[in-house]
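**Student:** heads up, no residue letters with this:
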């Protein structure tokens, strides 16, 4: 995306992975949610549409750079939404359009599109965090979940993980 100068797609891809937001929350992000005083924020917080609870997320340096580059695009001048729609009656891209973009990204690198979707973007980083740290509580907080069972689906915790932990503990 960077080589092809698809600045919107790169910024959207990066923020989707990093924010851990549901597609419905990602597409409705406003410029003010991530941009203040001429800079992209390092952290931000939004209210999730599904739960009506706040969720905070970090914006790392690489993602801040891709967002800043996207914000410099002429199509962003005066836009209230971070991912503006192409038509005046559509203020931001739809979740369906976001799903099409994800499918195109997956297809462009030769992967099977039926195996990936917008929720794959949501769980990518938390799966890596869990695999690296084993900290389910951190994953729970980052996803904005309140119940452990709903969070387990996103983290990639399986029987093999449980067995490996069990084998490592001697009585």
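**Tutor:** Yep, it's here. Not measured: the values here are computed from a predicted model.

**Student:** residues in contact with the residue lying closest to residue 60 once chain neighbours are set aside?
**Tutor:** Leaving aside its chain neighbours, residue 60 sits nearest to residue 18 (6.2 Å; criterion: CB to CB, 6 or more residues apart in numbering). To be clear about C-beta, it is placed using only N, CA and C from the backbone, and glycine gets the same treatment. Neighbour list for residue 18: 57, 58, 59, 60, 63, 125 [criterion: CB atoms under 8 Å, 6 or more residues apart in numbering].

**Student:** distance of residue 18 from residue 74?
**Tutor:** 25 Å (CB to CB, to the nearest Å).

**Student:** swap in residue 97?
**Tutor:** 20 Å.

**Student:** who's more crowded, these two?
**Tutor:** residue 97 (16 against 5; other CB atoms under 10 Å).

**Student:** ok, the more buried one to residue 18 distance?
**Tutor:** In terms of CB to CB, residue 97 sits 20 Å off from residue 18.

**Student:** okay if I get the contacts of residue 18 as a markdown table plus neighbour count and pLDDT?
**Tutor:** Below are the contacts of residue 18 laid out as a markdown table (neighbours: other CB atoms under 10 Å; pLDDT from 0 to 100):
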| residue | neighbour count | pLDDT |
| --- | --- | --- |
| 57 | 18 | 89 |
| 58 | 15 | 90 |
| 59 | 19 | 93 |
| 60 | 11 | 92 |
| 63 | 21 | 95 |
| 125 | 19 | 75 |
